[in-house]
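Chemist: Using only what follows, build the 3D model:
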Amino acid sequence: MARYETEQLFDKPYLATSLRDFWGRRWNRYASNILRETVHKPIRKMLTGLVGFGTARVLALTCTLVVSGVLHEMLFYYITCARKPTWVVACYYVLQGLAMSIEAAFDKWTTYKIHPLLSAIWTCGLVVVAYFWLVILPVWRDGQNSCHF
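Modeler: From the prediction side, this is the model:
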């Protein structure tokens, strides 16, 4: 009988010290690996010769988060009983991508390092607060948290 080892889905996301660490290495590692292999890498390779490595990386990241946002929007479409999509969920992921690009630029252009504990608190706070504000509240406000058949 063949023996398979499963990969851990989450890797202590509360210890993430950056958004890139959170989304790329700690949160839903299956989805992260699939999006990396099917969206990010092909787009980055295609664009590197045209716009350079740094810009290609940012554009690939943006495209990856747009795809993730659209997929999550589809999930919310079914979770909210096929109500009209608001695209707020997709915007959340695009904003996360923008924040990751800013984070990468900050790391590249400065030598200032934030203490890991403060960085972990900032990262988890940004993810949770933005999710609640941009995803949970609109669903509750619009009454899309229950189905009326």
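Chemist: and the lowest-mean-pLDDT helix or strand in the chain, which residues are buried?
Modeler: Using mean pLDDT, DSSP states H and E, helix 137-141 stands out as the lowest-scoring helix or strand of the chain, at a mean of 76. Buried residues in helix 137-141, counted by 16 or more other Cβ atoms under 10 Å: 138-139. For every residue, glycine as well, the C-beta is placed using N, CA and C.
Chemist: going forward, begin numbering at 737 instead of 1
Modeler: All set: I'll call the first residue 737, so the last point we hit is now helix 873-877.
Chemist: now could you export just the CA positions of that helix as PDB?
Modeler: Taking C-alpha atoms only, helix 873-877 is exported to PDB below (Å, rounded to 0.1, in the frame of the first residue of the first chain):
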ATOM      1  CA  LEU A 873     -19.600  43.900   7.600                       C
ATOM      2  CA  PRO A 874     -20.900  44.400   4.000                       C
ATOM      3  CA  VAL A 875     -22.400  40.800   4.000                       C
ATOM      4  CA  TRP A 876     -24.100  41.500   7.300                       C
ATOM      5  CA  ARG A 877     -25.200  45.000   6.300                       C
END
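Chemist: Could you check how far it is from the centre of its chain?
Modeler: Offset of helix 873-877 from its chain centre (Cα atoms, centre = their mean, to the nearest Å): 20 Å.
Chemist: cool, and stretch 758-768?
Modeler: The answer for stretch 758-768 is 8 Å, by Cα atoms, centre = their mean.
Chemist: What is the burial count for the nearest residue to residue 760 once chain neighbours are set aside?
Modeler: Spatially, and ignoring its direct neighbours in sequence, residue 760 is nearest to residue 768 (5.7 Å; Cβ to Cβ, 6 or more residues apart in numbering). As a burial measure, residue 768 scores 18 neighbours (other Cβ atoms under 10 Å).
Chemist: Having no further points to raise, I will conclude here.
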